[in-house]
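S.K.: I need the structure of the sequence given here:
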Amino acid sequence: MVLSTSTILQQLVPLVGAEQVLPWAEVALLSTDQAQQIFGENTLPSYIVFPRTQAELAAVIAEAHQQHWRLLICGQASKLHWGGLTQQIDLVVCTQSLNRVVAHATGDLTVTVEAGLSLAALQTELAQFRQFVALDPAYPETATLGGLIATRDSGSLRHRYGSLRDMCIGITVIRADGQAAKAGGRVVKNVAGYDLMKLMTGAFGTLGVISEVTLRLYPLSEASTTVVMGGTEAQITEVTRTLLKSTLTPTAVDLLSASTLPAGTIDGELGLAVRFQSVEESVVAQCDRMLKLAQGLSSLTLTADRDTEFWQQLTHQFWQPPQSTALVCKLGVLPAQASRLLAQFEQYCQSQKIACWSRIHAGSGTGVLRLEHQGIGKDPSPAVEWIGALRSHCQNAQGFLTVLDAPPALKRSLDIWGYSGNTLASMKQLKQQFDPHTILNPDRFVGGI
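M.R.: Here you go, the predicted structure:
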């Protein structure tokens, strides 16, 4: 359906005000590479709207439902280039103005916030009370709470604190018809209602627009130290297995490819980074035990600022602005197969002369892979073959590989999700029930949902 841009403007201005509806071309929300990974060569949307309240957001969605406008939902757009190419988007709805802390129950260790609030801003607010949200996601400076839930992005801290689904204890979602739906509550032991939190987590905004969330909090640790080790595949596999069976309580346990290890400090085919965060005495004692388990391996102990810098640099290695010569994949395998998979990745990428960085969270088996090659953005054919081979390795380890960040020509040439399960029909039925006109983030999710 071809829409008049003046019609969109006329319908939105009474709802949110003229200053909140801007021409898309005037808003520097996305880089050129990001925009291409979302829209490809398709026509760009005409307008972007910035609702300031949840009521305004609901009104915009209700109008879009009535007019059958196709919407692209975003916060600060840090991960908007993840997912499939979309087309014929009529309007971008940006939630970054919904950025209030609604309630903070310091004694109950919970916080309720609007979905457009950035994680970094929330962590700064919570630090005054020696509390934090136990997430270390991609693009941590700009990622919003709504975006984190929509993409199910948590990070290494999942090892100690659990998944994002476990941290979200309440949610408000604006349905495709503009009605608000709530689930959970503002206390940890709340089991009221349908578990909408888990359904919305990882749905890429295709089932509803997250407007408010309540999260479980944790106290900030007194001390933090990381032990980084390097060795052969067999050595790293053995020390990881021993660690996971021990009584040690690390907050993060990451398996790293050789290229991901700090340059000039650690030697080995593979690496293992183990982070301990607690009171000072506990951290020192646990690090000593870890070093005893790692006897015979190359090791490095990082404390204070060096500990923080290591994890920040590790995040930056993988989560850089989109580039035409790079692609980034999310993967998952059985934890027992993780070390072997990293070794296979290294061997394959060396044979293909591809720069490769890989990282797997040892406890969950989930991880990330970054590939760089000058030819990735020019001719997608070799990259399609590379993804097929790497995906095959993951599937042989009873896992998956999903392409998150890639040039549009490559996204058009392969199935970025690589979903091989048997629930696609159920997912499409849910989409039909929640969004019968397919107006919310169309074509972005598995199976073109």
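S.K.: Would you mind listing the residues in contact with Ala409?
M.R.: 377, 380 (C-beta atoms under 8 Å, 6 or more residues apart in numbering). Bear in mind the C-beta positions are built from the backbone N, C-alpha and C, glycine included.
S.K.: And the one 5 residues further on, by the same measure?
M.R.: Shown here is Leu414, whose contacts under the criterion C-beta under 8 Å, 6+ apart are 380, 384, 387-388, 403.
S.K.: and what of Ser211?
M.R.: Applying C-beta under 8 Å, 6+ apart, the residues near Ser211 are 54, 57-58, 95, 98, 114-115, 146, 172-174, 180.
S.K.: Confirm that Leu327 lies within a helix, as I assumed.
M.R.: No: counting by DSSP: H, G, I helix; E, B strand; the rest coil, Leu327 is not part of a helix but strand.
S.K.: Use 507 as the first number from now on
M.R.: Noted, 507 is the first residue going forward, which turns the last one into Leu833.
S.K.: is it true that it touches Leu877?
M.R.: Yes: counting by C-beta atoms under 8 Å, Leu833 does reach Leu877; the two are 5.3 Å apart.
S.K.: who touches both of those two?
M.R.: Residues touching both Leu833 and Leu877 (C-beta under 8 Å, 6+ apart) are Ala889.
S.K.: which residues touch the most centrally placed residue in the chain?
M.R.: Centroid check for the chain by C-alpha atoms, centre = their mean gives Asp659 as the closest residue, at 2.8 Å. The contact partners of Asp659, by C-beta under 8 Å, 6+ apart, come to 585, 641, 643-644, 649, 653, 670.
S.K.: which one of these sits closest to Asp701?
M.R.: Comparing the contacts of Asp659 against Asp701 with C-beta to C-beta picks out Leu670 as the nearest, at 13.7 Å.
S.K.: how far away is that closest one from Asp642?
M.R.: Here the criterion is C-beta to C-beta, to the nearest Å. By it, Leu670 lies 11 Å from Asp642.
S.K.: Overlap in contacts, those two.
M.R.: Residues touching both Leu670 and Asp642 by C-beta under 8 Å, 6+ apart: Ser660.
S.K.: Compare those two (neighbour count), which wins?
M.R.: Per other C-beta atoms under 10 Å, whichever of Leu670 and Asp642 has more neighbours is Leu670, with 25 against 19.
S.K.: Distance check, Val874 against Val909.
M.R.: Per C-beta to C-beta, Val874 is found 11 Å from Val909.
S.K.: actually Asp659, not the one I typed
M.R.: According to C-beta to C-beta, Asp659 stands 15 Å off from Val909.
S.K.: now the helices: where do they sit in the stretch 757-906 of the chain?
M.R.: In the stretch 757-906 of the chain, the helices defined using DSSP state H, counting those that start in this stretch lie at 786-799, 810-824, 844-857, 886-902.
S.K.: Verify the contact between Leu518 and Ser552 for me.
M.R.: No: counting by C-beta under 8 Å, Leu518 does not reach Ser552; the two are 11.0 Å apart.
S.K.: Overlap in contacts, those two.
M.R.: The contact lists of Leu518 and Ser552 share Leu597, where a contact means C-beta under 8 Å, 6+ apart.
S.K.: okay, these two: which has more neighbours?
M.R.: Neighbour totals were compared for Leu518 and Ser552, and Leu518 leads with 24 against 18 (other C-beta under 10 Å).
S.K.: dump the residue contacts of the more buried one.
M.R.: When contacts are counted by C-beta under 8 Å, 6+ apart, Leu518 is found next to 527, 553, 555, 566, 569, 597.
S.K.: Rebuild those as CSV, extending it with pLDDT, distance to Leu920 and secondary structure.
M.R.: Putting these into CSV (pLDDT from 0 to 100; distance: C-beta to C-beta, whole Å; DSSP: H, G, I helix; E, B strand; the rest coil) gives the following:
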residue, pLDDT, distance to Leu920, secondary structure
Val527, 96, 36, strand
Tyr553, 94, 32, strand
Val555, 97, 33, strand
Val566, 98, 34, helix
Glu569, 96, 36, helix
Leu597, 95, 29, strand
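S.K.: coming back round to it: any idea which of the helices of the stretch 757-906 of the chain is most buried?
M.R.: helix 844-857 (a mean of 20; mean count of other C-beta atoms under 10 Å).
S.K.: what helices or strands is that helix leaning on?
M.R.: When contacts are defined as 3 or more C-beta pairs under 8 Å, 6 or more residues apart in numbering; DSSP states H and E, helix 844-857 packs onto helix 739-751, strand 758-763, strand 776-784, strand 861-867, strand 872-878, helix 886-902.
S.K.: Reformat the ones you listed as JSON lines; add distance to Lys934 and mean pLDDT.
M.R.: Listed next are the helices and strands packed on helix 844-857 as JSON lines, based on distance: least, C-beta to C-beta, whole Å; pLDDT from 0 to 100:
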{"stretch": "helix 739-751", "distance to Lys934": "38", "mean pLDDT": "96"}
{"stretch": "strand 758-763", "distance to Lys934": "35", "mean pLDDT": "97"}
{"stretch": "strand 776-784", "distance to Lys934": "40", "mean pLDDT": "97"}
{"stretch": "strand 861-867", "distance to Lys934": "30", "mean pLDDT": "97"}
{"stretch": "strand 872-878", "distance to Lys934": "25", "mean pLDDT": "97"}
{"stretch": "helix 886-902", "distance to Lys934": "23", "mean pLDDT": "94"}
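S.K.: Same list (those) but as CSV, adding distance to His822.
M.R.: Putting the helices and strands packed on helix 844-857 into CSV (distance: least, C-beta to C-beta, whole Å) gives the following:
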stretch, distance to His822
helix 739-751, 23
strand 758-763, 14
strand 776-784, 15
strand 861-867, 11
strand 872-878, 11
helix 886-902, 22
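S.K.: and Gly690, which of those is closest to it?
M.R.: For the helices and strands packed on helix 844-857, proximity to Gly690 was assessed by C-beta to C-beta; strand 872-878 is nearest, at 24.1 Å.
S.K.: Nice, that's everything, thank you.
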